[in-house]
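S.K.: Based on what follows, work out the 3D shape:
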Amino acid sequence: MTNFLYFVAKTTAYRILVVIVTVIITLILLGSSMDKILTDGIRYEAVNTAAQNEIQFKTPSQRQAYIDEQIDLKTKSLGLDEPWYSPQRFTNTLFKVITLDLGRSNFFTSDSGSPNVRDIIIEKVPKTVLLFTTSTVIVTVIGLYLGTYMAERKGSILDKGVSFAAVVSNSFAIFWVGMLMILLFSFTLDIFPARSTPLTSPSDPFYIIDLLYHMSLPLITLVLWSFAVSAYVVRYFVSRILDEDYIQAKRVMGIPKRKILYSHALRNSAPPILTGIVTALIASITGSFIVEAVFDWPGVGKLLYDSIVVMDVPLILASTYVFTLMYVITMLVIDLLYVYFDPRIKISS
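M.R.: Numbering: from 1, shown residues only. Okay, here's the model as predicted:
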């Protein structure tokens, strides 16, 4: 038990370090342009404020003095009077990113109208998790049962068909498949909407139903694109276990075929299968900005895509941090589950 707790603590510390390093690299890459973008935003805000209070200024020089004063106050309050690479400001910015205290977005607002970065991110994360977690669960269930069934029937028509489908689906980019699905189901058959952004307000009692309806097409696309590969992976590992001597011995003992498949072969194949499933989940989440951009799904991926287009630095930093956090948490879970499913792994102290 002590070794396991030490393993959890060590793995968690390592994952936290990965998050911090990723945020630092992102800050370094954006540092050279971050000051200019933020300064331009401050100047734009000051000019707009002056325009709204134009009646208070008697001469143009008074108006310009007011603008300069507002720019100076805002610059100092945000710490922009120091270079981005100064230790104090860099550390302060790092802490703000980790706590999602990144102020206001220059171009986006939440559904409630808040330009606060934290509010926007908190609103988008559940939608990304909902779409990709749901698709992964469905694909995993199909893959486990279909792959195990195929492993016992190697060379059958079903086995060859699913294996062919896995090769085909793995050969096409998800965004291309998504565009074909939109063309077929939205424009040709007119079954699902082309845009996955719900039309109703979040305050509407039917918003959840509308959200799930708009999620149908990207969800179906992700499942169709992934299930064959998942089934093929399960089939590969389970078929290898079925060739082991101890499985043959269980068959000689008269243990039912179904129990051998699902209680022995599938369980002993769990570690590599789990790795494949979680890797697929990570790949789908980290690639979600492409899927969400194609379907216009209102998640973090679409937000990151849009924020890069307009160079909204606070949202780019926040979105990158959230994706890194998702990745790290998922990898931490797989480490713990790997130990649970394979007790042969020795946890070194």
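
S.K.: From here on, just use CA atoms for contacts and neighbour counts.
M.R.: Will do.

S.K.: List the residues that contact residue 140.
M.R.: Listed by Cα atoms under 8 Å, 6 or more residues apart in numbering, the contact partners of residue 140 are 227, 230, 277.

S.K.: so residue 240 is in which element?
M.R.: helix 207-242 (DSSP states H and E).

S.K.: and the closest residue to residue 31 other than its chain neighbours, what pLDDT?
M.R.: Closest residue in space to residue 31, ignoring its immediate chain neighbours: residue 84 at 6.1 Å, by Cα to Cα, 6 or more residues apart in numbering. You'll see residue 84 listed with a pLDDT of 75.

S.K.: what are the phi and psi angles of residue 84?
M.R.: Backbone torsions for residue 84, taken as degrees, to the nearest 10, come to phi -60, psi -30.

S.K.: Residue 33 is in contact with that one, correct?
M.R.: No. Taking contacts as Cα atoms under 8 Å, residue 84 lies outside contact range of residue 33: 9.7 Å.

S.K.: Who has more neighbours out of the two?
M.R.: A count of neighbours by other Cα atoms under 10 Å puts residue 84 above the other of residue 84 and residue 33, at 21 against 13.

S.K.: what residues does the one helix or strand residue 306 maps to touch?
M.R.: Residue 306 is located in helix 300-310, with elements delineated by DSSP H and E. By Cα under 8 Å, 6+ apart, the residues outside helix 300-310 that reach it are 107, 121, 124-125, 127-128, 287-293, 296, 313, 315-316, 319-320.

S.K.: what's the spacing between it and its chain's center?
M.R.: 13 Å (Cα atoms, centre = their mean, to the nearest Å).

S.K.: Which SSE is immediately downstream of that helix?
M.R.: Trace forward from helix 300-310 with DSSP H and E and the next one is helix 313-341.

S.K.: Report the buried residues of that following helix.
M.R.: Neighbour-count burial for helix 313-341 flags 313-328, 331-332, 334-335, 338, 341 (criterion: 16 or more other Cα atoms under 10 Å).

S.K.: How far off centre is the longest helix along the chain?
M.R.: When the chain is parsed with DSSP state H, its longest helix is helix 2-52. With Cα atoms, centre = their mean as the basis, helix 2-52 stands 17 Å off its chain's centre.

S.K.: Offset the numbering so it begins at 15, please.
M.R.: OK, 15 is where the count begins now, so the last one is helix 16-66.

S.K.: angle of that helix against helix 327-355?
M.R.: 170 degrees (axes from the mean of the first three to the mean of the last three Cα atoms, to 10 degrees).

S.K.: Now do whatever helix or strand comes next after helix 16-66: which elements does it pack against?
M.R.: Next along the chain after helix 16-66, taking DSSP H and E as the criterion, comes helix 74-91. Applying 3 or more Cα pairs under 8 Å, 6 or more residues apart in numbering; DSSP states H and E, one finds that helix 74-91 contacts helix 16-66.

S.K.: For residue 116, grab the count of nearby residues.
M.R.: 20.

S.K.: contacting residues around residue 149?
M.R.: Counted by Cα under 8 Å, 6+ apart, residue 149 has contacts 233, 234, 236, 237.

S.K.: what pLDDT, on average, does stretch 55-75 get?
M.R.: Mean predicted confidence for stretch 55-75 is 75.

S.K.: now it: how far from the chain's centre is it?
M.R.: With Cα atoms, centre = their mean, you get 41 Å for stretch 55-75.

S.K.: Show me what secondary structure element comes after the worst-scoring helix or strand of the chain on mean pLDDT.
M.R.: Here the helix or strand of the chain ranked lowest by mean pLDDT, DSSP states H and E is helix 284-300, holding a mean of 70. Where DSSP H and E defines the elements, the next helix or strand beyond helix 284-300 is helix 302-309.

S.K.: Give me the contacts around that following helix.
M.R.: So helix 302-309 is in contact with 142, 188-189, 192-193, 196, 208-210, 232, 311-319, going by Cα under 8 Å, 6+ apart.

S.K.: how about low-confidence regions in this structure?
M.R.: 15-16, 18, 46, 48, 51, 68-69, 92, 294-302, 354-363 (pLDDT under 70).

S.K.: how close does residue 101 sit to residue 93?
M.R.: Separation of residue 101 from residue 93 (Cα to Cα, to the nearest Å): 12 Å.

S.K.: So between those two, which is more surrounded?
M.R.: residue 93 (15 against 11).

S.K.: Is it correct that that one is in contact with residue 102?
M.R.: No. Using Cα under 8 Å as the test, residue 93 is too far from residue 102 to be in contact (9.4 Å).

S.K.: picking up where we left off before, list residues touching both of residue 101 and residue 93?
M.R.: With Cα under 8 Å, 6+ apart, residue 101 and residue 93 have no common neighbours.

S.K.: who's in contact with residue 161?
M.R.: Contacts of residue 161 by Cα under 8 Å, 6+ apart are 244, 245, 246, 247, 248, 249, 250, 252.

S.K.: With residue 81 instead?
M.R.: Listed by Cα under 8 Å, 6+ apart, the contact partners of residue 81 are 57, 60, 61, 64.

S.K.: what does residue 237 give?
M.R.: With Cα under 8 Å, 6+ apart, residue 237 has these contacts: 149, 150, 152, 153.
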